[in-house]
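*Asks:* got a predicted structure here, sequence first:
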Amino acid sequence: MTLTTWISLFTICLLGAMSPGPSLAIVAKHSLSGGRVNGFATAWAHAVGIGIYALVTVLGLTVLLHQFPLVFKSLSLMGALYLAWLGYNALRSKGGIVERLESGQPVSVLTSAKEGFFISLFSPKIALFFTALFSQFVAVGSELSDKAIIIATPLVVDGLWYTLITVMLSSPYLLKFLKSKARIIDQISGVVLILLAIRVLFTL
């Protein structure tokens, strides 16, 4: 793989990670409610899910998604239901971000990691990204080392990007402001997640 090709791969992966969506909402939620450790757990569990998609793409299973669209639709439906469930939980008064911020209720690192992992694994947006954009790089690298780079790049880029987001959100100055607006953030994140779920359902 040439350096130019890798830079193109890196840029596409970075833009994919930076685009707003449910992944950002989940990382923000756990960074605010549990602190940096929870945010890091969410970020890198999410990155592992990205790595699994990259591995699947390299193995050529995206071809199966094209040949068997029912598989992709089933994945999209699961993703939509998961988004709706997360949005519903965010809108509920008990167990939401605002209560955790105000009462200091701890959030399990395992819970943070699970949500980060599942939001990447069941996200139609990420599935589309790998099917439509990322798959073009699979044919470029025939060597084992090339395939390793193709798998590692999106995983590392995603993990580092959301690590940066976690560090920014866990800043004491920013946290003080966000705490004062916690109830609004809770409601907005819930609405956004539910709207994203509805959008996915309408595109099936």
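*Replies:* Perfect, thanks for sending it. Numbering: from 1, shown residues only.

*Asks:* what about stretch 6-19, distance to the chain center?
*Replies:* The gap between the average C-alpha position of stretch 6-19 and the chain average comes to 14 Å, counting by C-alpha atoms, centre = their mean, to the nearest Å.

*Asks:* measure the residue sitting nearest the centre point of the chain to Arg183 for me?
*Replies:* Of all residues in the chain, the one closest to the mean position by C-alpha atoms, centre = their mean is Ser23, 3.1 Å from it. As defined by C-beta to C-beta, to the nearest Å, Ser23 lies at a distance of 23 Å from Arg183. C-betas here are computed from N, CA, C, even on glycine.

*Asks:* do the same with Ala54
*Replies:* Applying C-beta to C-beta to Ala54 and Arg183 gives a distance of 38 Å.

*Asks:* who has more neighbours, those two?
*Replies:* Neighbours per residue, other C-beta atoms under 10 Å: of Ala54 and Arg183, the larger number sits with Ala54, 23 against 15.

*Asks:* which element follows the helix or strand of the chain with the lowest mean pLDDT toward the C-terminus?
*Replies:* Comparing helices and strands within the chain by mean pLDDT, DSSP states H and E singles out helix 97-103 as the least confident, with a mean of 49. Downstream of helix 97-103, the next assigned helix or strand under DSSP states H and E is helix 109-121.
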